[in-house]
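*Asks:* My questions are about this predicted structure, shown below with the sequence.
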Amino acid sequence: QKEVEQNSGPLSVPEGAIASLNCTYSDRGSQSFFWYRQYSGKSPELIMFIYSNGDKEDGRFTAQLNKASQYVSLLIRDSQPSDSATYLCAVSNQGGKLIFGQGTELSVKP
Amino acid sequence: GAVVSQHPSRVICKSGTSVKIECRSLDFQATTMFWYRQFPKQSLMLMATSNEGSKATYEQGVEKDKFLINHASLTLSTLTVTSAHPEDSSFYICSARWDRVKWGNTEAFFGQGTRLTVV
């Protein structure tokens, strides 16, 4: 079992729709959870981080964490073509390592 | 957010030579630095974790004698790919984090990445 798992996609949504990205992790001791966006050939950039169970909203983005289910998600409201990228879920374990999922490719169609 | 500068952004080298990649934290003290490798269409794979002043901890399957990591100061870590071969061609990315115990929890800040091509 991979430490952090995501659907690789591609996930295609129309412009203006809600994009839902999901991630599960195996280490129950994980403490911090991150969503990064990566454009082709570029380094990842941080979108959201969440440490506590529940929802965290920032503009069009909402991160949801459920530690009991070992599940974290990212919702993107009013998706724009510029949101088209690969979204990486990352989990920080107790040792402080940041482990990435394989990424979900999102395509927002105009 | 904090700034991490990685250099060079692109490098082409001949097979058998060594290449050094630098990662600098410009406006904070990076007690921990991570080195990742990313092959096309794949995710970031953690290669090693280094803490300032101590030896790097390598992930399983990563050759420590081939990928030399030095974290001699709180603002600089280097990755040297020794005796590079074409299969080492990849996108190498560093990330840096400050002292979580002292300054609180935080994400790691990423450098711009280095595209290494070995010919």
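*Replies:* Received the coordinates, thanks. In this text the structure is predicted, and so the values were computed from the model without any measurement.

*Asks:* and chain A, which residues reach chain B?
*Replies:* Near chain B, the residues belonging to chain A are A:31-32, A:34, A:41-46, A:49, A:51, A:88, A:96-103 when assessed by CB under 8 Å from any CB of the partner chain. Bear in mind the C-beta positions are built from the backbone N, C-alpha and C, glycine included.

*Asks:* Make sure residue B:112 is actually in contact with residue A:43.
*Replies:* Yes: between residue B:112 and residue A:43 a contact is recorded at 5.2 Å, counting by CB atoms under 8 Å.

*Asks:* joint contacts of the two?
*Replies:* Jointly contacting residue B:112 and residue A:43 under the rule CB atoms under 8 Å, 6 or more residues apart in numbering or on different chains are residue B:6.

*Asks:* ok, residues contacting the helix-or-strand element of chain A with minimal mean pLDDT?
*Replies:* Lowest by mean pLDDT, DSSP states H and E among the helices and strands of chain A is strand A:98-100, with a mean of 88. Under the contact criterion CB under 8 Å, 6+ apart, strand A:98-100 has outside partners A:3-4, A:34, A:36, A:88-93, B:34, B:36, B:43-46, B:95, B:108.

*Asks:* now for the following helix or strand past it, which elements pack on it?
*Replies:* Following the chain from strand A:98-100 toward its C-terminal end, the next helix or strand by DSSP states H and E is strand A:104-109. Helices and strands touching strand A:104-109, by 3 or more CB pairs under 8 Å, 6 or more residues apart in numbering or on different chains; DSSP states H and E, are strand A:11-14, strand A:19-25, strand A:85-92.

*Asks:* One more pass at 6 Å, please.
*Replies:* strand A:11-14, strand A:85-92 (3 or more CB pairs under 6 Å, 6 or more residues apart in numbering or on different chains; DSSP states H and E).

*Asks:* What pairs with it, parallel or antiparallel?
*Replies:* According to DSSP bridges, strand A:104-109 has the following sheet partners: strand A:11-14 (parallel), strand A:85-92 (antiparallel).

*Asks:* Highest mean neighbour count out of these?
*Replies:* With neighbours defined as mean count of other CB atoms under 10 Å in any protein chain shown, these peak in mean count at strand A:85-92, which reaches a mean of 24.

*Asks:* And for it, what's in contact with it?
*Replies:* A:4, A:6, A:21, A:23, A:25, A:30-34, A:36-39, A:44, A:98-101, A:103-106 (CB atoms under 6 Å, 6 or more residues apart in numbering or on different chains).

*Asks:* Just the CA atoms of it, as CSV, please.
*Replies:* Extracted in CSV, the C-alpha atoms of strand A:85-92 (Å, rounded to 0.1, in the frame of the first residue of the first chain):
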residue,chain,number,x,y,z
ALA,A,85,-2.6,21.5,-13.5
THR,A,86,-1.5,18.4,-11.5
TYR,A,87,-2.6,18.6,-7.9
LEU,A,88,-0.4,16.8,-5.4
CYS,A,89,-1.5,15.7,-2.0
ALA,A,90,1.3,15.6,0.6
VAL,A,91,1.3,14.3,4.1
SER,A,92,3.8,15.0,6.9
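
*Asks:* Fine by me, we can end here.
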